[in-house]
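In: when you get a sec, could you give me coordinates for this:
(chains A, B, C and D)
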Number of protein chains: 4
Amino acid sequence: MFRVTACGESYGKALMIICDGVPPGIELSNESIQEEMDKRRPGTSPIDSPRLETDKVDIVAGIRDGFTTGAPVGLIIYNVDRQDIHVEQYRQVKDLVRPGHAEYTFFVKYGKFADWCGAGRASGRESACRVAGGAVARKILEKEGIQVIAYTKELMDIKMRDDLSFEEKQGKRHNNDIRCPDEDAAEKMFARCLEIKEEGDTAGGIIEIIARGVPAGLGEPVFDKLEADLAKALMSIGAVKGVEIGAGFGLTKMKGSQSNDIPYLEDGKVRFKTNRCGGFLGGISNGEDLVLRIAVKPTATISIDQQTVNMKEMKEATLGAITRRDPTICARINPVAEAMTCITILDHLMMFRGYKNVAKIDNPWDADK
Amino acid sequence: MFRVTACGESYGKALMIICDGVPPGIELSNESIQEEMDKRRPGTSPIDSPRLETDKVDIVAGIRDGFTTGAPVGLIIYNVDRQDIHVEQYRQVKDLVRPGHAEYTFFVKYGKFADWCGAGRASGRESACRVAGGAVARKILEKEGIQVIAYTKELMDIKMRDDLSFEEKQGKRHNNDIRCPDEDAAEKMFARCLEIKEEGDTAGGIIEIIARGVPAGLGEPVFDKLEADLAKALMSIGAVKGVEIGAGFGLTKMKGSQSNDIPYLEDGKVRFKTNRCGGFLGGISNGEDLVLRIAVKPTATISIDQQTVNMKEMKEATLGAITRRDPTICARINPVAEAMTCITILDHLMMFRGYKNVAKIDNPWDADK
Amino acid sequence: MFRVTACGESYGKALMIICDGVPPGIELSNESIQEEMDKRRPGTSPIDSPRLETDKVDIVAGIRDGFTTGAPVGLIIYNVDRQDIHVEQYRQVKDLVRPGHAEYTFFVKYGKFADWCGAGRASGRESACRVAGGAVARKILEKEGIQVIAYTKELMDIKMRDDLSFEEKQGKRHNNDIRCPDEDAAEKMFARCLEIKEEGDTAGGIIEIIARGVPAGLGEPVFDKLEADLAKALMSIGAVKGVEIGAGFGLTKMKGSQSNDIPYLEDGKVRFKTNRCGGFLGGISNGEDLVLRIAVKPTATISIDQQTVNMKEMKEATLGAITRRDPTICARINPVAEAMTCITILDHLMMFRGYKNVAKIDNPWDADK
Amino acid sequence: MFRVTACGESYGKALMIICDGVPPGIELSNESIQEEMDKRRPGTSPIDSPRLETDKVDIVAGIRDGFTTGAPVGLIIYNVDRQDIHVEQYRQVKDLVRPGHAEYTFFVKYGKFADWCGAGRASGRESACRVAGGAVARKILEKEGIQVIAYTKELMDIKMRDDLSFEEKQGKRHNNDIRCPDEDAAEKMFARCLEIKEEGDTAGGIIEIIARGVPAGLGEPVFDKLEADLAKALMSIGAVKGVEIGAGFGLTKMKGSQSNDIPYLEDGKVRFKTNRCGGFLGGISNGEDLVLRIAVKPTATISIDQQTVNMKEMKEATLGAITRRDPTICARINPVAEAMTCITILDHLMMFRGYKNVAKIDNPWDADK
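Out: As a prediction, the model looks like this:
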């Protein structure tokens, strides 16, 4: 019921995003979406890509006088990075498969017409669309008291502390380039990234996502569990190779008496003493925080020569070191993970409460009155 | 394009499965599906549930003279476990939330009409439908040379060896009650389960799934990546709390130069020296084995008293030890994981090749000829 | 959000129906669904098929103690018509295309494995599934005060009077074999059918559907208009070759000043002086009666020799007169049209109001309270 | 598998269109899409709206070096009509329901935030998106030898002749402002429109659509018949209030022996002597021309005073004559009907043949080789 459709490539003219199912009456401006965009924007730190993009977003449909109208919201972001230079750079290596990248599968699926320029549709550039759509979803969730945060929990062998409160994580997650709310860990992670960057290499890590304020009852009981839909949404992000919920893989080492979260009453409401299930029972939200973690692989593009295959000549070849690259995408993937979580929760919230109740339409023409 | 729709509860009259998108000409009999059903059937080992079910499957639609016709295949499995005894047993505790179970969220979502009997729709019983649907998908995949296997890779602290070949895993995975192809590990796992069972407790573990023979090119490049759809399919199975692909969470500790799989040529085909990406590049299959792992939590129902809440009286209560239960579901979840993998791959295969090409229809009336 | 999935062929073992999205708390019994089934059941009149079916429906999933639980409702109807006799009869003519039937396109689409028996999946027998699913939808709509009726408005050249009230149409539509609430017209239609039957031929007609009590606001504004979804739902019924809404094709002869329905106020609510738009503005329900009509072609199976093609030998042939047939399906299509209308309206109602509000769940665990 | 998503309102900043499922290797340029856009563009004739739009389309995603890449194609059309003048004009009457328009239902569904400007999302302006998406679909269909045409068959009481060939209809359908390939009828229709325009009124009519070259076998047998999907697609166009297929409502007056199309052999292929079924058997294409007709109501906006309701004050009011309007939309709806037909056929074609076969990818990496 809330759906984001997007298009655009690394070196296409623009990215476009259409959000279907937006309720009316949401205050929305270019600036308010831009705020989210800027969290993902490249070129702002030594540990991300030097690509120059303003990621300037323009709302072209779905609003009137500053509020959404119920019509689909349309957003456009023009690419501004120097196409004249970079397209030709990519053209020179267009037949070489970049290890760890999507080029080989794109060749197989789309043949010789596949876009070879800067990874085309498979580029992380597409994630700008996710953030834009997620920004719209977030505005709607905020009216429902739902907050979604993500932060870098681990980078390579460095872990953040476990004892920060939700508010601390929320408040401090954007304080540094690596997006880790534990400042000491952040400093170490940053240094580790620079070190790895110097080697011409790249770093991976673990992102944690928390959604607070999600009402109990969201999700379907069998195939379309909310946790299954979130797993899909997060796994669809490039470079994500694992998803776990609550105690996740750690649960496989526990006994049932250890993993079960015990319910109790608090102010007449059912609560749980622990949250090893990550906020889901039977795939349906139970009112506690939703807690998910994703595994982010190190960026595939490295500044080290690699063996590979030339697809046109069908012979083995060497791909030279690439200097224009993200030393890690752990930082920039955080807003993308938040966005996908917002979109997925909103979709289920609207199924549960209905369009008119999320929209809170209250007028003399309401047939239900 | 291939879709399984199912219904049925733990103590309903029957389970029904409808498979849409089945190509014509697939040989299908009750017996051939039964073979898959029997791998999941309860009551066959001391480490699974004592529930008595024959899981006898009957094809009621979609075949003529032993072959599928292109019409949806309909299957029915009648529940035979003693309803007279068990329904009343469950009625007595129907207002008590079982920790780790879906009852609380079902109460919230469906109110007082939610089925309280043996977990109702949230029971693992529904997974029989997945296996039945998966059996149909598997028959079709087999004609395409695609094989899907799953096995218990870890149980609590016990791991199987890493050096078994695909054929060994495939051949030996059903040789023991725990469904682990490494016989030494299997023995230890089984002993560990019995030990934990004695304590009244339950055990979790890790299942690995491998799909061999999947052609390169399956999956959409952004939101509907094949790996994202598999993550959803597997996470939708009850008790699964994590999914990882290829080296998964292990990738977060590697550098790019370590995680990239290097392509090379073998007999004129592109292959990869390693498979840390688990058979996916950009979310699209690359022709190598698909490798996934899922985290299975210990079964929630334990034979130990637990604190809980009585939802009707809204006061805290004690749920007594439950003796009728699965000491672990790691064994029985294997065929379910295989089934979900088969269903998801087939869906993408049909999108890629088209109904008529998977169906291999070749007749004088073919409009394409 | 409300979806009916079905399977089953003319001479398969059974028909199965799964209804997803059923809210909890709906009283449902075999008898209450049977009542709807009996309106479509063949073999009850000289103007329908002599096929012998009891159409006995059995609820096998989704209820507990007589009420729906929120889980999908599963229904099964076993075919009882003499397979021993009829399958062999059909086998003898299996390579002959029946003019006006789906056999040729099934041959093309499914090849030699297509079910040749009594039209297989293309048989009107599948419409029993629609009626069963519609019966479930109707129960839910009734709680919302929504009533759906259909009746035979025209048969060949005979039209019913225009001045009957909704209540008269509703009350009298099942009073005769032709399902026309105007008794004089019904008598003429019946006589006309018998006359045409004597000739070995078949008759077509027009069915009108009215939905009363549908709240304003249902339907999406562009591609998924409620009227577009209803058009699809009705056009998907076998033998339907036209759909019109409100004044329909008659509007093409009016000027704008004649076709516009003028709004006015009645007891503080907006009403419309006429209903030429059939209850839709911009594809969204406007609170007035929804009015649709469908064109039903004469049954294709006739008791007259016809020229045709033998698909196996690829030569022209003669298909002999078939005596076992429906002289008209105008009567029996009425409950099918009602069913499809109920299903489609309910789906939109649930999107608009949300699962929990259609379900009217009101309990101490409601997160919204 | 081919899907068009769109957004944009009458007086929003721009219209955006995203086409998912476009195969690679289709030659596509702004100019080639513009050609289709210009057939629908307003302001070119005395019988359509005086609105000034260039409808200039820009491809911003999905192409590289002039060919599609397999990535979704993104198109944008900026609105250029004078917003400064017209928005304020509409603001003055924003609380008055326009009879025959979507404003009342938009008020109900979206409340006070609904876009009141020039019908907002319900404006015929959105159909520009359909034409743009349809232009992309048409390019793909053309490579498969499928041609889709639409023309004005009837306007009010004037009908075109029945004896024109497909080629004549195709060649002459754009020769005049009313888009009728029969030049005599076109002249009369045009005169009738001007006459009705003088009265301040508007005219309706019937559009016929023919799709030639569609292979047999497209469409699903029960709920998702190709003819049902086409009925939905066409009924979703604003002002369309009826759809009929082949002989349509005329079939209700025929007997079975008259309506059945008799198959015969022609050059070893099955053909049909007549085409009363409009190219569908059992909802699946049979290889003959697809023939559909739609009922177009007269434009709701008229230059005559009308009684109505002021929704803000909830009292009756008069809506003054509106001079800026379409005397008929029969002409401009033709390219929209063609577009929706192209989109729907392509979607089914891709399901039937598969992405890779429509894309005709043929390369050394093809896993199927």
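In: who are the packing partners of the helix or strand bottoming out on mean pLDDT in chain A?
Out: Ranking every helix and strand in chain A by mean pLDDT, DSSP states H and E puts helix A:355-358 at the bottom, with a mean of 76. Applying 3 or more C-beta pairs under 8 Å, 6 or more residues apart in numbering or on different chains; DSSP states H and E, one finds that helix A:355-358 contacts helix C:330-353. In short, each C-beta sits where N, CA and C put it, glycine included.
In: and the angle for the helix it packs on with helix A:330-353?
Out: Counting by axes from the mean of the first three to the mean of the last three C-alpha atoms, to 10 degrees, helix C:330-353 lies at 130 degrees to helix A:330-353.
In: what is helix C:330-353 packed up against?
Out: The helices and strands touching helix C:330-353, judged by 3+ C-beta pairs under 8 Å, 6+ apart, are helix A:355-358, helix C:30-40, helix C:127-143, strand C:147-155, strand C:205-212, helix C:226-235, strand C:290-296.
In: tell me how far it is from the chain's mean position?
Out: 8 Å (C-alpha atoms, centre = their mean, to the nearest Å).
In: thinking again about what came up before, ok, residues contacting the least confident helix or strand of chain A?
Out: With contacts defined as C-beta atoms under 8 Å, 6 or more residues apart in numbering or on different chains, helix A:355-358 is touched by A:1, A:21, A:23, A:140, A:144, A:349-350, A:368, C:217, C:351-354, C:357, D:109.
In: try 7 Å
Out: A:1, A:23, A:140, A:349-350, C:217, C:351-354, C:357 (C-beta atoms under 7 Å, 6 or more residues apart in numbering or on different chains).
In: show me the contacts for A:Val336.
Out: A:40, A:127, A:130-131, A:237 are the contacts of A:Val336 under C-beta under 7 Å, 6+ apart.
In: including neighbour count, pLDDT and distance to chain B, could those go into JSON lines?
Out: As requested, those are arranged in JSON lines below (neighbours: other C-beta atoms under 10 Å in any protein chain shown; pLDDT from 0 to 100; distance: C-beta to the nearest C-beta, whole Å):
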{"residue": "A:Arg40", "neighbour count": "26", "pLDDT": "85", "distance to chain B": "16"}
{"residue": "A:Ser127", "neighbour count": "25", "pLDDT": "96", "distance to chain B": "9"}
{"residue": "A:Arg130", "neighbour count": "26", "pLDDT": "98", "distance to chain B": "9"}
{"residue": "A:Val131", "neighbour count": "28", "pLDDT": "97", "distance to chain B": "14"}
{"residue": "A:Ile237", "neighbour count": "26", "pLDDT": "98", "distance to chain B": "9"}
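In: identify the residue of the stretch 151-300 of chain A closest to chain C, quick one.
Out: Nearest residue of the stretch 151-300 of chain A to chain C: A:Pro215, at 3.7 Å (C-beta to the nearest C-beta).
In: looking at the helices and strands packed on helix C:330-353, which is nearest to B:Ala6?
Out: helix C:127-143 (15.6 Å; C-beta to C-beta).
In: can you list contacts of that closest one?
Out: The contact list for helix C:127-143, computed with C-beta under 7 Å, 6+ apart, reads C:2, C:4, C:6, C:8, C:15, C:17, C:19, C:22-23, C:26, C:28, C:32-33, C:36-37, C:40, C:55, C:57, C:73, C:75, C:77, C:148, C:237-238, C:335-336, C:338-340, C:342-343, C:345-346, C:358.
In: which parts of that helix are buried?
Out: Going by neighbour count (16 or more other C-beta atoms under 10 Å in any protein chain shown), the buried part of helix C:127-143 is C:127-141.
In: low-scoring stretches of the stretch 251-369 of chain A, by residue?
Out: By pLDDT under 70, the low-scoring segments of the stretch 251-369 of chain A are A:361-369.
In: need the residues of it near chain B, please.
Out: A:251-257, A:259-265, A:268, A:270, A:281-284, A:286, A:295-300, A:302, A:304, A:306-309, A:314-316 (C-beta under 7 Å from any C-beta of the partner chain).
In: any weak-confidence spans in the stretch 1-150 of chain A?
Out: For the stretch 1-150 of chain A, no stretch has pLDDT under 70.
In: how about the residues of it near chain C?
Out: Residues of the stretch 1-150 of chain A found near chain C (C-beta under 7 Å from any C-beta) are A:Met1.
In: what sits closest to the residue of the stretch 51-200 of chain A found nearest chain B if chain neighbours are left out?
Out: Per C-beta to the nearest C-beta, A:Ala102 is where the stretch 51-200 of chain A lies closest to chain B, at 2.4 Å. In space, A:Ala102 comes closest to B:Gly282 once its chain neighbours are excluded; the distance is 2.4 Å by C-beta to C-beta, 6 or more residues apart in numbering or on different chains.
In: contacting residues around the one you found?
Out: Per C-beta under 7 Å, 6+ apart, neighbours of B:Gly282: A:102, A:105-106, A:122, B:221.
In: from those, which land in helices?
Out: A:105-106 (DSSP state H).
In: residues of the stretch 1-150 of chain A that sit close to chain D?
Out: A:5, A:7-9, A:12-14, A:16, A:18, A:24-25, A:60-62, A:64, A:67-74, A:76, A:107-115, A:117, A:120-121.
In: restrict the residues you listed to those near chain B?
Out: A:108-109, A:121.
In: any idea which of these is closest to chain D?
Out: Of all those, chain D sits closest to A:Arg121, with 3.8 Å by C-beta to the nearest C-beta.
In: just the element for the spatially closest residue to A:His101 that is not a sequence neighbour, please.
Out: Leaving out its chain neighbours, the residue that sits closest to A:His101 by C-beta to C-beta, 6+ apart is A:Ala300, at 5.0 Å. For A:Ala300, there is no enclosing helix or strand under DSSP states H and E.
In: and A:Ala300, how far from chain D?
Out: Look at A:Ala300 and chain D: by C-beta to the nearest C-beta, to the nearest Å, they are 19 Å apart.
In: quick check: phi and psi at the residue in chain A that chain C sits nearest to.
Out: Proximity of chain A to chain C (C-beta to the nearest C-beta) peaks at A:Gly354, 2.4 Å away. Per-residue torsions, A:Gly354: phi 90, psi 150 (degrees, to the nearest 10).
In: can you tell me which residues contact it?
Out: A:Gly354 touches C:351-354, C:357, counting by C-beta under 7 Å, 6+ apart.
In: now render those residues as TSV, adding distance to A:Ala191.
Out: What follows is these, written out as TSV (distance: C-beta to C-beta, whole Å):
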residue	distance to A:Ala191
C:Met351	51
C:Phe352	54
C:Arg353	54
C:Gly354	50
C:Asn357	53
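In: contacts only, for A:Leu218.
Out: A:226, A:284-285, A:345, A:348-349, A:352.
In: let's see that with 6 Å instead.
Out: A:226, A:285, A:348, A:352 (C-beta atoms under 6 Å, 6 or more residues apart in numbering or on different chains).
In: quick one, phi/psi of the nearest residue to A:Arg325 once chain neighbours are set aside?
Out: In space, A:Arg325 comes closest to A:Thr301 once its chain neighbours are excluded; the distance is 4.2 Å by C-beta to C-beta, 6+ apart. Torsion angles at A:Thr301 (phi, psi; degrees, to the nearest 10) stand at phi -80, psi 120.
In: export the contacts of helix A:355-358 to CSV and append columns for distance to A:Ala321.
Out: Output for the contacts of helix A:355-358, formatted as CSV (distance: C-beta to C-beta, whole Å):
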residue, distance to A:Ala321
A:Met1, 47
A:Pro23, 50
A:Ile140, 45
A:Leu349, 47
A:Met350, 48
C:Gly217, 60
C:Met351, 53
C:Phe352, 57
C:Arg353, 59
C:Gly354, 55
C:Asn357, 59
